[in-house]
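[1] please work out how this folds:
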Amino acid sequence: MWKWTDPDNIKAIILDVDSLDEAYLSFPYIQYIPDVQLFLVQDENNTHDKEVEVKEYYDITNLLQDILVDSNCDSTSIISISNNPLFLKDMMRYHIGTILTHNLAKDFLRNTPDFTACTINMLPKILKGEVSGYAAEVYATYGKTVPQMRLLKIENEISLSNGTNREVIVFIGGRYYSEKHHYLLNDPLSFDVLNFKRYYTYSVDLFFDAALYSLRKRESIDVLTYIPLKPGESKYDRFVGLKLEKNSIDGMKLQQILEFKKSFSQKGNNLSMRKENVKGAFNVISDVKDKNIIIIDDVYSTGSTIEEAIKTLYENGANKVFAILLAVNQMTESNIKYQNLKCRLCGKEMKLKMSKDGKLFFGCSAYNQHKELPPTINLKHGLKSLKDKNKLEVTTVRDLEDEY
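    Predicted coordinates for the structure are as follows:
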């Protein structure tokens, strides 16, 4: 899903000439978004042999300021398309919508664009709003299935103790902003991730049910399993409570086939420390020889835990192992000072909350004590207001040379 973009009001598209091929540069965008403005941009230090008129820039800040002025539209109406995840990372820092034209490599997962793996054939569906975005984000926001949802797909290899390499395919449902990230106050999927650690969460159940069912239609699967609790962790096992109604129809249910040998924490650890902590952490407690397995977990940070689990299953004779995770931890920081919603009655910050029937809404800490006016804001209106409050503003930048 678009994090900061109004999908019904796209007015300008930034095309990264340095990375895009001719098919994207000459694509008939106006056919799908009438009167859309195109800005073909290029780093002034680069050269290209494409016969197109480009706007050169020396930094993203000034480029976006120029485009805001030239397009005469808000940043919520601007999207960017590139084959370079670093270019899109800069766009995300200024709350510009992002489309990556290839699969996202594992190293860039913490800066995931709004859409990835966008082929030229898929582009019209995105521009027309027929592709909704990452599946878990859609379920968290709408609480139901929406056509044309997508998963992040990461392909990698893992080395076994016998010297052979095995394929690792991980599917991820969307983006998660951790507790230190200000987006957490109002991001539906992040709210669900935290809620899922403590309570049954309907939208999470819907996501895993749909993702598992979809993969099972393409692959012959023998076992559905999950990352278990560590010794000493809360007695609430979030995965045991999942209903997985579609998968249960033919008798496929989650079963525990792994257990932790030891307890440990990965918080604050870098990649090498995480890998060392989790090394040899699992025991297999069920026969997995020659079986095809899907293993699920909630948050993907560096991939150390899920990869060690997959490695353990392969070491014990599994034939093929897939992984499905709810969300990937994001680290993209914003260059825009974040503004949250404020209660119209008391002025306190409004945060996401969940009603008894499982619907999300925005309310302050005292919303149920307010008697005047509607004390809450529904999710759709709240998210739209947040996009508007946190859009990139035009600023007057005076060149230092003007002072002399």
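[2] so which helix or strand takes in S203?
    Applying DSSP states H and E as the criterion places S203 in helix 202-218.
[3] average pLDDT across that helix?
    Helix 202-218 comes out with an average pLDDT of 95.
[4] show the subsequent helix or strand relative to that helix.
    strand 223-226.
[5] that next one - contacts with which helices or strands?
    strand 292-300 (3 or more Cβ pairs under 8 Å, 6 or more residues apart in numbering; DSSP states H and E). Heads up, the C-betas are built off the backbone N, CA and C, glycines and all.
[6] tell me the mean pLDDT over the strand it packs on?
    97.
[7] tell me what angle that strand forms with helix 202-218.
    150 degrees (axes from the mean of the first three to the mean of the last three Cα atoms, to 10 degrees).
[8] could you check how far strand 292-300 is from the centre of its chain?
    Distance of strand 292-300 from the chain centroid (Cα atoms, centre = their mean, to the nearest Å) equals 16 Å.
[9] circling back: give me the contact list for the helix holding S203.
    Helix 202-218 has contacts (Cβ atoms under 8 Å, 6 or more residues apart in numbering) with 135-136, 139-140, 143-145, 149, 151, 171, 173, 192, 196, 221, 224, 242-247, 252, 294, 296, 322, 324, 326, 358.
[10] check which residues of that helix are buried.
    202-216 (16 or more other Cβ atoms under 10 Å).
[11] please enumerate the strands of the stretch 101-250 of the chain.
    Ranges of strands within the stretch 101-250 of the chain are 133-134, 149-150, 152-159, 165-172, 175-176, 223-226, based on DSSP state E, counting those that start in this stretch.
[12] any idea which residue is closest to the centre of the chain?
    R175 (2.4 Å; Cα atoms, centre = their mean).
[13] identify the bridge partners of that residue.
    Beta-bridge pairing for R175 (DSSP bridges): V328.
[14] hang on, it packs against Q330?
    Yes. If you go by Cβ atoms under 8 Å, R175 and Q330 touch, sitting 5.0 Å apart.
[15] overlap in contacts, the two.
    By Cβ under 8 Å, 6+ apart, R175 and Q330 have these common neighbours: T112.
[16] nearest to D74, of the buried residues of helix 202-218?
    Within the buried residues of helix 202-218, proximity to D74 (Cβ to Cβ) peaks at S203, which comes in at 29.7 Å.
[17] hmm, back to that, the helix holding S203 to strand 165-172, inter-axis angle?
    Using the same axes, to 10 degrees: helix 202-218 against strand 165-172 is 140 degrees.
[18] restricting to C-alpha, output helix 202-218 in CSV.
    This file holds the C-alpha atoms of helix 202-218, laid out as CSV (Å, rounded to 0.1, in the frame of the first residue of the first chain):
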residue,chain,number,x,y,z
TYR,A,202,-8.3,-11.5,13.4
SER,A,203,-6.5,-9.7,10.5
VAL,A,204,-3.3,-11.6,11.2
ASP,A,205,-5.2,-14.8,11.1
LEU,A,206,-6.7,-13.8,7.8
PHE,A,207,-3.3,-12.9,6.4
PHE,A,208,-1.6,-16.2,7.3
ASP,A,209,-4.6,-18.2,6.2
ALA,A,210,-4.6,-16.6,2.8
ALA,A,211,-0.8,-16.7,2.3
LEU,A,212,-0.6,-20.3,3.3
TYR,A,213,-3.5,-21.3,1.2
SER,A,214,-2.1,-19.5,-1.8
LEU,A,215,1.3,-21.1,-1.5
ARG,A,216,-0.2,-24.6,-1.0
LYS,A,217,-2.1,-24.2,-4.3
ARG,A,218,1.3,-23.9,-6.1
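[19] off-centre distance for that helix?
    Distance, centroid of helix 202-218 to centroid of chain: 17 Å (Cα atoms, centre = their mean).
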